[in-house]
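Engineer: With the sequence up front, the predicted model follows.
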Amino acid sequence: MTRLSNASGTAGQDGGAAHGAGLPAGHADVVCLGESMVTFLPSRPGRLADVPSFDRAIGGAESNVACVLAAAGHRARWVSRVGADGFGDHLVAAIAAHGVDTGHVARDPHRPTGIYFRTAGERATGADGEEPGTAEVVYYRAGSAASAMDPASPGPAALAGARVLHLTGITAALSDSCLAMLRTLTRRTPDRPLVSFDVNYRVGLWQGRPQGPETLLDLARGADIVFVGEDEAAAAWDLHGPEAIRAALPEPAVLVVKQGSEGVTVLHRETADGAHPGGAASAGAAGTSAGEAGRPAGAGAGTPAADTRTYAPALSVDVVAPVGAGDAFAAGFLSGTLRGLPVFDRIRHGHLMAAAALTVPGDLTGPPPRALADRLAALPADDWGRLRLGPGWTTGLHDARVEAPQT
């Protein structure tokens, strides 16, 4: 059976031990597996053809989630493969500097680390009627070190002791061997970690492979928690609205449907014995779970009950750049899952993490301090609706932007 196993308290924000490659083997709250690349961001607005210079950064959906979770006080591990080159050195060092365990990143002497260039703006989803101004994104990742990952790549030690395994559909698009790896990791087997899957449909990565959308749907069916944007579901599967998506994805215990600037709807269920498949049935501040919590519907934990529908509106944000918000939301939701928070609070923490990402120019930023996030997440609906968050809000540089009537 799959379960969210008991674990010791978190580190980082709560003042515990430092994270990083020195973590004891098997001590990870979350393992995030997938490719990261060196990113080149334009030094000024304009088309890639016109921009004269670029600033170097790092980017990768899975490592983004790991970095945010580590900064939020959880033990996070990134598992991947990079080239034995300078870009690989930079990636590993930069991600480790965020407090992430990088001890299970393989180095490939024959294949390069992937890189990509992008302009500001949203990524294209391929949906009809998509707004103009989507970002230009050019990948140089074909034949990359990460594309050579296969079902044997993670290794038992990389996943040992993990409470959550976070994956995305991006990895499935890299190569046949990567797809085989994800099929193995999403297969329902005894005592696997709780599996989180972000669909992350990237039109460009699936060009020439019409089976891509069906592949992503199949992988999502094997997960316990699924994140998908309403626009992604429309573009990939011609499914519109949370209930239609749920009808196509009945297997995951928790289905998180991101509805852009409106908010997020989560369809989730308990089993007949009261366990919460997507997280802890009860948990203390240290993030421990109760008994059979984390067991997915259909894995022998009792007859699944009907879905509960939970909605939380998004925040008003002065957006600097839309990059990385989806990964940050996933990290916030998973952080709440690890802490055993109610689903509504998990969504609000996801929104707060996303707001932190939206108010900086790059993919990554530090999350708000836990005490601040907890206070904001607990606000009444009217006060939540009056919040407007701008650059610097997580560090208190613009305190007025996060002030609201006290509860």
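Structural biologist: Okay, I see it.
Engineer: Show the pLDDT at the closest residue to residue 165 other than its chain neighbours.
Structural biologist: Spatially, and ignoring its direct neighbours in sequence, residue 165 is nearest to residue 193 (4.4 Å; Cβ to Cβ, 6 or more residues apart in numbering). Placement of C-beta: from N, CA and C, glycine included. Listed pLDDT for residue 193 reads 95.
Engineer: you'd agree residue 193 is up against residue 166?
Structural biologist: No. Between residue 193 and residue 166 there is no contact, the gap being 9.3 Å when judged by Cβ atoms under 8 Å.
Engineer: Need the residues touching each of the two.
Structural biologist: In terms of Cβ atoms under 8 Å, 6 or more residues apart in numbering, residue 193 and residue 166 are both contacted by the residues residue 31.
Engineer: And the two? Which one has more around it.
Structural biologist: Neighbours per residue, other Cβ atoms under 10 Å: of residue 193 and residue 166, the larger number sits with residue 166, 30 against 24.
Engineer: I'd guess the more buried one is in a helix, am I close?
Structural biologist: No. Going by DSSP: H, G, I helix; E, B strand; the rest coil, the assignment for residue 166 is strand, not a helix.
Engineer: Could you list the low-pLDDT ranges of the stretch 51-200 of the chain?
Structural biologist: The model of the stretch 51-200 of the chain has pLDDT under 70 over residues 120-134.
Engineer: Skip ahead from the strand or helix carrying residue 32 and say which helix or strand is next.
Structural biologist: Per DSSP states H and E: residue 32 is located in strand 30-33. Scanning forward in sequence from strand 30-33 by DSSP H and E, the next helix or strand is strand 37-42.
Engineer: just checking, next helix/strand downstream of that following strand?
Structural biologist: strand 54-59.
Engineer: Mind giving me the packing neighbours of the strand holding residue 32?
Structural biologist: Contact partners of strand 30-33 among helices and strands, from 3 or more Cβ pairs under 8 Å, 6 or more residues apart in numbering; DSSP states H and E: helix 61-71, strand 76-83, helix 155-159, strand 164-168.
Engineer: So what are the sheet partners of it and their directions?
Structural biologist: strand 76-83 (parallel), strand 164-168 (parallel) (DSSP bridges).
Engineer: For residue 307, find the nearest of those strands.
Structural biologist: strand 164-168 (21.4 Å; Cβ to Cβ).
Engineer: Just the CA trace of the helix or strand following the closest one, in CSV.
Structural biologist: Next along the chain after strand 164-168, taking DSSP H and E as the criterion, comes helix 169-172. As requested, the backbone C-alpha atoms of helix 169-172 are provided in CSV (Å, rounded to 0.1, in the frame of the first residue of the first chain):
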residue,chain,number,x,y,z
GLY,A,169,5.0,15.3,-17.5
ILE,A,170,8.0,17.1,-18.9
THR,A,171,10.3,14.2,-18.1
ALA,A,172,8.0,11.8,-20.0
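Engineer: Which residues outside the following helix or strand past helix 169-172 are in contact with it?
Structural biologist: Next in sequence after helix 169-172, counting helices and strands by DSSP H and E, comes helix 176-185. With Cβ under 8 Å, 6+ apart as the test, helix 176-185 has contacts from 33, 146-151, 153-154, 165, 167, 171-173, 195, 215, 219, 222.
Engineer: average pLDDT for stretch 218-235?
Structural biologist: 97.
Engineer: From one end of that stretch to the other, what's the distance?
Structural biologist: 16 Å (Cα to Cα, to the nearest Å).
Engineer: Tell me the buried residues in it?
Structural biologist: 219-235 (16 or more other Cβ atoms under 10 Å).
Engineer: Same question for stretch 35-52.
Structural biologist: In stretch 35-52, counting by 16+ other Cβ under 10 Å, buried: 35, 36, 37, 38, 39, 40, 41, 42, 51.
Engineer: now do stretch 330-343
Structural biologist: Buried residues in stretch 330-343 (16+ other Cβ under 10 Å): 330-341, 343.
Engineer: Can you list which of these are found in helices?
Structural biologist: 330, 331, 332, 333, 334, 335, 336, 337, 338, 343 (DSSP state H).
Engineer: Export these as TSV, with columns for pLDDT.
Structural biologist: Listed next are those as TSV, based on pLDDT from 0 to 100:
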residue	pLDDT
330	98
331	97
332	97
333	98
334	98
335	97
336	97
337	97
338	97
343	98
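Engineer: With distance to residue 62 added, can I get those residues in CSV?
Structural biologist: Shown next, in CSV, are these (distance: Cβ to Cβ, whole Å):
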residue, distance to residue 62
330, 10
331, 11
332, 15
333, 15
334, 12
335, 15
336, 19
337, 16
338, 16
343, 23
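Engineer: Next, residue 320: secondary structure please.
Structural biologist: Going by three-state DSSP: residue 320 is coil.
Engineer: Return the residues in contact with it.
Structural biologist: 358, 359, 360, 361, 391.
Engineer: Any idea how many residues pack against the fourth one?
Structural biologist: Read that as residue 361. Neighbours of residue 361 (other Cβ under 10 Å): 13.
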